[in-house]
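A.B. asks: got a predicted structure here, sequence first:
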Amino acid sequence: MTSPDGAVFTDGLRPVDVLTVVAVTDVTPSVRRVTLSGQPAAVAAAGPTVNLLVPRADDPDPLWPRIQRDGRIVWPQGSHGVALRSYTARRQDPVAGEVDIDFVLHGDGPAATWAAAARPGAVLAVAGAASLAERPAGWLLLAGDETSLPAISRLLAAAPPSTVGVALLEVAGPEEEQPLAGPPGIELRWLHRGGTPPGESTLLVDAVAALERPPGDDVFAWVGAESATVRAVRADLRGRWRLGRAQHHAIGYWRLGKAMGG
């Protein structure tokens, strides 16, 4: 097997795709957008949900794992200092060879620490990707916090113009709102938690509880936020809304007391 740089691997393992930082932009006070450059094929494969390999912030030459034929990651022996985190690419442009990843800078986890120190020339790697588990529906509910905004932005952009519904978006305050484009029939509701720390608010749970279930079965709900919040919303969707498995997707992006994902 031959890697992109010409190296031959006789053990059947392939190298990960390494991307290089070309720009860093603060989108809001707590969200930093990192633009990464790589080979067009690597950029095309880096999303929408992507497994990022995040090195230590001060490591210019990380010891990367490699990938088996079945997609499993094979980690090097010893201390490698590389963390695996799941993110949603906000933008992919294979023609330009660029992908944007938005990092929430809350906490001191490895991804937030890396993003806070990211400068052009820094590197991270990609170890696989997945879908957002979305399903087309005439009525759409989207609910999430800052960590889910990249995914929600992509779901809104991909929804047919005739789609109706509501997007419930929890952030700290007006300064954390981001421009989101979607069908005119989907109402955007920004929920401001103020001084309440992330993960300790009931805004999303209460907002979903206040919604009336739309009639019919052409309904899909997508939820991404702190794990306990997601569990509570999912229980409402399965119980009061009586949504089946194919009608909703709810994922805990992070857990209170542990490092945020995105």
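C.D. replies: Alright, I've got the coordinates. Numbering: from 1, shown residues only.

A.B. asks: flag every buried residue along the helix or strand containing His249.
C.D. replies: Counting by DSSP states H and E, the element that carries His249 is strand 248-254. Residues of strand 248-254 classed as buried by neighbour count (16 or more other CB atoms under 10 Å): 248-254. Placement of C-beta: from N, CA and C, glycine included.

A.B. asks: what do you get for stretch 185-192?
C.D. replies: Burial within stretch 185-192, assessed by neighbour count using 16+ other CB under 10 Å, is assigned to 185-186, 192.

A.B. asks: tell me the one of the residues you listed nearest Arg69?
C.D. replies: For Arg69, the closest of those turns out to be Ile186, at 40.8 Å, with distances computed as CB to CB.

A.B. asks: any chance of the backbone angles for that closest one?
C.D. replies: Taking degrees, to the nearest 10, you get phi -100, psi 110 for the backbone angles of Ile186.

A.B. asks: for it, give me its contacts.
C.D. replies: 140, 142, 156, 159, 163-167 (CB atoms under 8 Å, 6 or more residues apart in numbering).

A.B. asks: mind checking pLDDT for the nearest residue to Ala117 once chain neighbours are set aside?
C.D. replies: In this structure, Ala117 finds its nearest non-sequential neighbour in Ala57, 4.0 Å apart by CB to CB, 6 or more residues apart in numbering. Ala57 carries a pLDDT value of 89.

A.B. asks: need the longest helix for this protein.
C.D. replies: Longest helix of the chain, by residue count under DSSP state H: helix 227-239.

A.B. asks: from the contact counts, what lies against that helix?
C.D. replies: Helices and strands in packing contact with helix 227-239 are listed as helix 203-209, strand 219-226, strand 248-254; criterion 3 or more CB pairs under 8 Å, 6 or more residues apart in numbering; DSSP states H and E.

A.B. asks: with distance to Ser86 and mean pLDDT added, can I get the ones you listed in a markdown table?
C.D. replies: As requested, these are exported to a markdown table (distance: least, CB to CB, whole Å; pLDDT from 0 to 100):
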| stretch | distance to Ser86 | mean pLDDT |
| --- | --- | --- |
| helix 203-209 | 20 | 97 |
| strand 219-226 | 11 | 97 |
| strand 248-254 | 8 | 94 |
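
A.B. asks: Thr25 is nearest to which of the ones you listed?
C.D. replies: strand 248-254 (21.5 Å).

A.B. asks: that closest one pairs with which strands, parallel or anti?
C.D. replies: For strand 248-254, the paired strands and their directions (DSSP bridges) are strand 219-226 (parallel).

A.B. asks: got the phi/psi numbers for Val123?
C.D. replies: Backbone torsions of Val123, given as degrees, to the nearest 10, read phi -130, psi 150.

A.B. asks: this completes my enquiry, with thanks.
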